[in-house]
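In: sequence plus predicted model, see below.
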Number of protein chains: 2
Amino acid sequence: MSLKHAILVSLAERPASGYDLVSRFDRSIGYFWRASHQQMYRELPKLEAAGWVSAEAVAQSGKPDKRVYAITDAGRGALTEWLKAPVGPEPVRESLMVKVRGAALLGAAHVLPEIRRHRQLHADKLTLFQQIEQGDFSNGPGDDPTRRCRYLALRSGVLYHHSWVTWCDEALALLTTG
Amino acid sequence: MSLKHAILVSLAERPASGYDLVSRFDRSIGYFWRASHQQMYRELPKLEAAGWVSAEAVAQSGKPDKRVYAITDAGRGALTEWLKAPVGPEPVRESLMVKVRGAALLGAAHVLPEIRRHRQLHADKLTLFQQIEQGDFSNGPGDDPTRRCRYLALRSGVLYHHSWVTWCDEALALLTTG
DNA sequence: ACGTTATATGCACCTTGTTGCATAGTCAAC
DNA sequence: GTTGACTATGCAACAAGGTGCATATAACGT
């Protein structure tokens, strides 16, 4: 659906090779959209064929050659179109909730370890995001639009994982009392 | 990944035809896992081949015949296995956040309508869930394990959509002030 | 007669995502 | 000199999901 657009956003920030993009998707952008290197290398030629990005072979000393991609004007146009187009919220798919529903039939004890695991995972992410927030934005987001957008993205991560931790605590409290 | 298990959970509650399952996935279970009827009818024969469900043709008067599926002991075993198996949190894929990141480059104005739309959609869902909560659980979840699990599922919906509404409000406030 | 809605089931094609495998150069450590 | 880590790119097969199309019965209204 929108891996293409996620790549365009990343390339709009600055040109990159497939390898660079994978690194970015493991960090910043990856908090909102995941992609493996196999997906990336499959998608880039398609974007090139569509005329949304241009590619240039770059020889490197000490490292293998690479292909550096840059967004084109057509790509920037397509990206703006997409930004304005209505996109529904991502369809919900929560296997943990399916498990909770199953636990109603087969016994809550089966899913308690899973809930504890998920609490841990979300709590770790929450701590990470809160540290970034306190480190980079201790005086608020400021006036710069780009910085404000970065701040908002971070806030969504904080709110998301916080609500999960809250839910896990409620669930553990309710499922471990008589 | 786990549409199979979502179907098993639903069939463990009670037997159903493909058509019944689609209806359930449009309501209760569908709050956590979406599936179209095409997916359903493709998946059911696989579950039957795996021996996890059994099928029985049922003739009806006034309606077309149907095939009613029921979970088998093997299916119940597989379901219990899955309940206990660790499953990572669903990978995050938020196109709205990709848009926000794009907005940093192409202008925040482009995504404001999208954020308003999303706020509306999440607020509607939130209201729905809160009404169910106040209607069915005004005195809390009580002691029944099944009821407690239903309550927890509902709570996750409330927390999820609430955190989204909160984020949209923060975003609109930050992106519409000088 | 004719269209609509509800019940009921499916195929074909295409896109997206995952898993496993494969290759190849450079550099530092052991 | 071999092993491992990092850079860099890909293919093949499969699983999962989405879109569009197709079919059939029966009730109900107009």
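Out: Looks like it arrived, so ask away.

In: quick one: contacts for the residue most central in space within chain A?
Out: Residue closest to the mean C-alpha point of chain A, counted by CA atoms, centre = their mean, is A:Phe32 at 1.8 Å. Counting by CB atoms under 8 Å, 6 or more residues apart in numbering or on different chains, A:Phe32 touches A:6, A:153, A:156, B:92-94, B:97-98, B:101. Every residue, glycine included, has its C-beta placed from N, CA and C.

In: distance to DNA strand C, pLDDT and secondary structure for the residues you listed - can I get that in JSON lines?
Out: As requested, those are exported to JSON lines (distance: CB to the nearest atom of the strand, whole Å; pLDDT from 0 to 100; DSSP: H, G, I helix; E, B strand; the rest coil):
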{"residue": "A:Ala6", "distance to DNA strand C": "9", "pLDDT": "97", "secondary structure": "helix"}
{"residue": "A:Ala153", "distance to DNA strand C": "19", "pLDDT": "94", "secondary structure": "helix"}
{"residue": "A:Ser156", "distance to DNA strand C": "19", "pLDDT": "96", "secondary structure": "helix"}
{"residue": "B:Val92", "distance to DNA strand C": "11", "pLDDT": "88", "secondary structure": "coil"}
{"residue": "B:Arg93", "distance to DNA strand C": "6", "pLDDT": "92", "secondary structure": "strand"}
{"residue": "B:Glu94", "distance to DNA strand C": "12", "pLDDT": "94", "secondary structure": "coil"}
{"residue": "B:Met97", "distance to DNA strand C": "14", "pLDDT": "96", "secondary structure": "helix"}
{"residue": "B:Val98", "distance to DNA strand C": "11", "pLDDT": "95", "secondary structure": "helix"}
{"residue": "B:Arg101", "distance to DNA strand C": "17", "pLDDT": "94", "secondary structure": "helix"}
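
In: with adjacent residues omitted, what lies nearest to the residue nearest to the centre of chain A?
Out: B:Met97 (3.7 Å; CB to CB, 6 or more residues apart in numbering or on different chains).

In: up against DNA strand C, what does chain A have?
Out: Taking CB under 7 Å from any atom of the strand as the contact definition, chain A meets DNA strand C at A:1, A:3-4, A:34-36, A:38-39, A:62-64.

In: at 6 Å what do you get?
Out: Within chain A, the residues that sit near DNA strand C (CB under 6 Å from any atom of the strand) are A:1, A:3, A:34, A:36, A:38-39, A:62-64.

In: top of the residues you listed by neighbour count?
Out: Using other CB atoms under 10 Å in any protein chain shown as the neighbour test, the residues of chain A next to DNA strand C are led by A:Leu3, with 20 neighbours.

In: that one is in contact with A:Ala35, isn't it?
Out: Yes. Counting by CB atoms under 8 Å, A:Ala35 is a contact partner of A:Leu3 at 5.7 Å.

In: what sits in contact with each of these two?
Out: Shared contacts of A:Leu3 and A:Ala35, defined by CB under 8 Å, 6+ apart, are found at A:Glu43.

In: give me the phi and psi for A:Ala70.
Out: Per-residue torsions, A:Ala70: phi -130, psi 150 (degrees, to the nearest 10).

In: meant to ask about A:Phe32
Out: On the backbone of A:Phe32 - angles per degrees, to the nearest 10 - the values are phi -120, psi -20.

In: any idea how far DNA strand C is from it?
Out: Applying CB to the nearest atom of the strand, to the nearest Å, the value for A:Phe32 to DNA strand C is 12 Å.
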